[in-house]
Structures are given as structure tokens and as C-alpha cells.
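>>> based on what follows, work out the 3D shape:
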Amino acid sequence: MIPIKENRRRFLISASLVLAVGGILSGNGPETLASPQAAVDVPIIMYHAFTRDENVTAKNSYFVSEQAFDRQMKELVDNGYTSIFASQIRETRLPDKPIVITMDDGYYDNYEIAFPILKKYNVKATIFLIASKQDWGCKGFFSWDNAREMRESGLVDFQSHSYNLHGSLGLKTPAKRGAAQHRLALINDANRLDRAFKRELGYKPTVICYPYGALDDNVLAAYCGRYDIGLTVEKKTANTAMDMMKLPRWKGQEDTVIKSSYN
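Residues are numbered from 1 along each chain as shown. Okay, here's the model as predicted:
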């Protein structure tokens with residue numbers, strides 16, 4: 001037989017729990033459960049390289065001029081957009097008018113030209129690294145030291161664009177390689193990138209930007225569970241209700257498209 005004092009103690013504990021949970025659910029307690037946010041449009045803008053020579057942009061669509069990028073970032077801020085990192089798209093509550101600025105490959109001009117403009121307007125950006133370029137000190141790409149400087153600003157995050165899948169290996173399964181063999185190659189490449197990120201930046205990436213936008217079932221099988229988010233090159237506005245491993249992006253080189261995505 002349970003003593004009367006013990007019964008009373010158990011009753012008081014149970015009553016306290018009921019009151020606490022009731023207060024939370026009613027919104028009257030110290031902590032209120034946030035209601036789910038409805039699906040949100042999140043324009044994701046894709047850039048590659050930047051130049052101070054306007055003539056270069058006329059010949060090479062990969063480049064955006066310093067003047068154009070400055071103007072676009074100013075318009076973004078003036079139109080009330082809040083920049084977030086690509087890794088934040090899955091968050092429960094996003095700010096009003098969220099937008100994601102991305103840069104592919106890790107060219108030195110991202111550091112030399114784009115980074116000062118990001119600081120000027122306090123805009124966040126996600127740069128997708130081909131990490132072998134930093135490891136091997138390849139010409140035309142910024143260094144790991146540059147990456148750490150940008151990350152310490154709080155305005156730049158770094159994610160995966162593969163360790164070295166922009167050459168002959170590629171992403172889509174080649175006819176001469178079986179599915180299992182190709183999937184293993186993708187996983188091995190991702191493991192190398194993880195080690196480089198962990199060594200140089202202290203974390204493993206959670207977002208993959210598919211090289212050339214290449215995507216098939218084997219790519220998804222290799223990356224689902226490793227990454228939370230995958231970005232393509234499909235031209236449309238992303239939405240939080242979409243498949244997170246197949247999010248589309250607009251091209252920053254197309255100035256008129258950028259303006260339409262802002263409005």
C-alpha cells in the first residue's frame with residue numbers, strides 16, 4: 001500500500017505537468033509552440049565569376065560585372081529582401097522575403113570583387129567550392145585562408161560543389177560505368193570533400209550544388225541522407241514546399257530575370 005504522503009506527492013507532480021503542458025499549448029506558458037510556416041517562395045540566385053571589365057561580360061556569360069553586381073545587391077536590399085544562407089532554407093521560420101545568393105566554383109574574383117560588395121550591403125552569400133581547387137592551390141581560385149576570412153565576416157557560408165567532379169568523371173552515370181560503381185565514385189568524392197572541409201573550416205557541408213546541374217537516380221541515391229539540400233540550374237523560383245534535393249535557381253547574369261525574381 002502506497003503511503004498517503006507519497007500519493008499526494010505524485011498527484012502534485014502530475015498536476016504540475018498538466019498545467020505546464022496546458023500553458024504551452026494555450027500560449028499562456030513561458031514557451032509557446034510555433035505554428036508551422038506556410039510554403040514560402042525563396043528566390044535562389046546563381047553567380048559564377050565577376051569582372052571589372054564590362055567587355056568581358058559581353059563575351060562570356062559566366063561573368064557579371066562589378067557594377068551590375070553592386071546594383072543588383074542594392075536593389076535586393078532596397079526591395080526589402082533578407083538574404084539567408086542556402087543551408088537555412090529548411091528552417092521552420094524564415095524572414096519575410098527571403099533570398100539566397102549563391103556563387104559556384106570558388107573563383108578568386110568572388111573574394112576580390114563580390115565579397116566587398118556583400119560587406120557594403122550586409123548581404124549573405126553561399127559559395128559552393130570545388131574543394132580540390134583550394135587544396136591544390138589552383139590559379140584563379142581563392143585560398144582556404146581567403147575562405148576563412150570570408151566566413152569569419154558572418155556573411156559567407158561554404159558548401160559542396162564536389163571535390164573534383166568537374167572533369168571527366170562528371171555526375172550523371174556514364175554508360176561504361178555501372179550504377180553501383182558510379183555511386184561509389186560519388187561517395188568517395190564526397191568523403192574527400194568532407195575531410196577537406198573538416199580540416200580547413202571545421203565542419204562538413206550540408207548542401208550540394210550539382211556540378212553542371214547534372215542529376216539522375218544514382219546521384220540522388222549517393223547524396224540523399226548525406227546532404228539536406230541540393231541545388232540545380234533549373235530556371236524558376238524555389239519554394240519551401242518543393243523537393244529539397246531539387247531546388248531551382250535563377251542566373252545572376254540575366255539582369256532582367258533578377259529584377260523579376262525580386263518583384
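
>>> now residue 124, nearest residue through space, not along the chain?
Nearest non-adjacent residue to residue 124, counting by CB to CB, 6 or more residues apart in numbering: residue 83, 4.2 Å away. All C-beta spots, glycine's among them, are computed from the backbone N, C-alpha and C.

>>> against residue 96, how distant is that neighbour?
Going from residue 83 to residue 96 by CB to CB, to the nearest Å gives 12 Å.

>>> what pLDDT does the residue nearest to residue 232 when sequence neighbours are not counted get?
Spatial nearest neighbour of residue 232, chain neighbours left out: residue 213 (4.8 Å); criterion: CB to CB, 6+ apart. What the model reports for residue 213 is a pLDDT of 79.

>>> what is the burial count for residue 213?
A count of nearby residues for residue 213, using other CB atoms under 10 Å, gives 14.

>>> how many other residues sit next to the residue lying closest to residue 39 once chain neighbours are set aside?
Distances taken as CB to CB, 6+ apart put residue 241 closest to residue 39, at 3.7 Å, once the chain neighbours are dropped. Neighbourhood size, residue 241 [other CB under 10 Å]: 10.

>>> test my guess that residue 241 contacts residue 37.
No: counting by CB atoms under 8 Å, residue 241 stays clear of residue 37, with 10.7 Å between them.

>>> what's the following helix or strand after the longest strand seen in the chain?
The single longest strand within the chain, with elements called by DSSP state E, is strand 98-105. Next along the chain after strand 98-105, taking DSSP states H and E as the criterion, comes helix 108-109.

>>> how about the following helix or strand past that following helix, which residues are buried there?
Proceeding C-terminally, helix 108-109 gives way to helix 115-121 as the next helix or strand, assigned by DSSP H and E. For helix 115-121, burial by neighbour count (16 or more other CB atoms under 10 Å) applies to 115, 117, 118, 121.
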